[in-house]
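[1] turn this into a model:
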Amino acid sequence: MTKTNADFWFDPACPFAWITSRWILEVEKVRDIEVTWHIMSLAYLNQDKDISEEYRSFLTTAWQPVRVLMAAEQKYGQEALLPLYTAMGTRIHIEKQDKDRAMIEGALADAGLDVGLADAMDDSSYDDAIAKSHHLGMDQVGNEVGTPTIAFEGAAFFGPVLTKAPKGEDAGRLWDGCVTVASFPHFAELKRSRSNDLDFE
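    Prediction:
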């Protein structure tokens, strides 16, 4: 059987992307897939949108981690993204740390990367490269979506949006369902309101 290549776009600030990313890492253990990680930016996505003041406040610290991720990608290559994302996501979503320089420096150290890359957090010169990576994913799924976005086998979708990451074969079965709906070229959306609290275990 041919290995499936999946592309995953994330912003480290997004809790839903975090949970879905932990799911797809489980899928890699039980299905023949290989994931390539890409940066998108919620701050860039929403910069000209009519959003609530609460969400706009949330986005004030969203540029900084993404810029550091881009700096790491440019210095070390795309393979640096997952370790740094995992380090950032653990600190942001599990340990509830602020998205500040201390968190970023700690995440860089956790990932074995140059802590000096934290200087990129306030360097807007990375924004064009971030936008390019962002559009590579978002242009496949449309303007009214965000992260997580996954592309595979010629299809791309926003989601799945999960409140808890399934493990083992449960993760594999959910992937199988995604593959099934992706195989139908006219499938566009399957959605319901979230009824459970986010569970990061």
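[2] next one: L108 from E26, what distance?
    Applying Cβ to Cβ, to the nearest Å, the value for L108 to E26 is 25 Å. All C-beta spots, glycine's among them, are computed from the backbone N, C-alpha and C.
[3] now do the helices in the protein.
    Remark: helices assigned in the chain by DSSP state H are 15-30, 42-46, 53-59, 63-76, 81-89, 101-110, 127-138, 168-182.
[4] counting neighbours, go ahead and name the busier of L108 and E26.
    Each of L108 and E26 has its neighbours counted (other Cβ atoms under 10 Å); L108 has more, 23 against 20.
[5] ok, that one - contacts?
    With contacts defined as Cβ atoms under 8 Å, 6 or more residues apart in numbering, the neighbours of L108 are 68, 72, 84, 87, 114-115, 117-118.
[6] try it again at 7 Å.
    By Cβ atoms under 7 Å, 6 or more residues apart in numbering, the contact list for L108 reads 84, 114-115, 117-118.
[7] please apply the same query to E73.
    80-81.
[8] show me which residues of stretch 26-36 are buried.
    Buried residues in stretch 26-36, counting neighbours by 16 or more other Cβ atoms under 10 Å, are found at 26-27, 31, 33, 35.
[9] ok, now stretch 177-189?
    Buried residues in stretch 177-189 (16+ other Cβ under 10 Å): 178-179, 182.
[10] and if you look at stretch 103-123?
    Buried residues in stretch 103-123, defined by neighbour count with 16+ other Cβ under 10 Å: 103-108, 111, 113, 117-118, 120-121.
[11] repeat for stretch 53-61
    In terms of neighbour count (16+ other Cβ under 10 Å), stretch 53-61 has its buried residues at 58-59, 61.
[12] how much space between A102 and V115?
    Distance of A102 to V115, computed by Cβ to Cβ: 11 Å.
[13] do the same with F157
    Here the criterion is Cβ to Cβ. By it, F157 lies 36 Å from V115.
[14] go on, V141?
    For V141 relative to V115 (Cβ to Cβ), the value is 35 Å.
[15] which strands or helices does the worst-scoring helix or strand of the chain on mean pLDDT pack on?
    Ranked by mean pLDDT, DSSP states H and E, the weakest helix or strand in the chain is helix 53-59, scoring a mean of 83. In terms of contacts (3 or more Cβ pairs under 7 Å, 6 or more residues apart in numbering; DSSP states H and E), helix 53-59 is packed against helix 42-46.
[16] if we can go back for a sec, of the buried residues of stretch 177-189, which is the nearest to A151?
    Comparing the buried residues of stretch 177-189 against A151 with Cβ to Cβ places A182 closest, at 9.4 Å.
[17] doesn't A156 make contact with that closest one?
    No: with contact defined as Cβ atoms under 7 Å, A182 does not reach A156; the gap is 8.7 Å.
[18] just send the buried residues of stretch 103-123 back as a markdown table, with distance to E53 and pLDDT too.
    Output for the buried residues of stretch 103-123, formatted as a markdown table (distance: Cβ to Cβ, whole Å; pLDDT from 0 to 100):
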| residue | distance to E53 | pLDDT |
| --- | --- | --- |
| M103 | 24 | 97 |
| I104 | 25 | 98 |
| E105 | 30 | 98 |
| G106 | 29 | 98 |
| A107 | 28 | 98 |
| L108 | 31 | 98 |
| A111 | 33 | 98 |
| L113 | 34 | 98 |
| L117 | 31 | 98 |
| A118 | 28 | 98 |
| A120 | 28 | 98 |
| M121 | 23 | 97 |
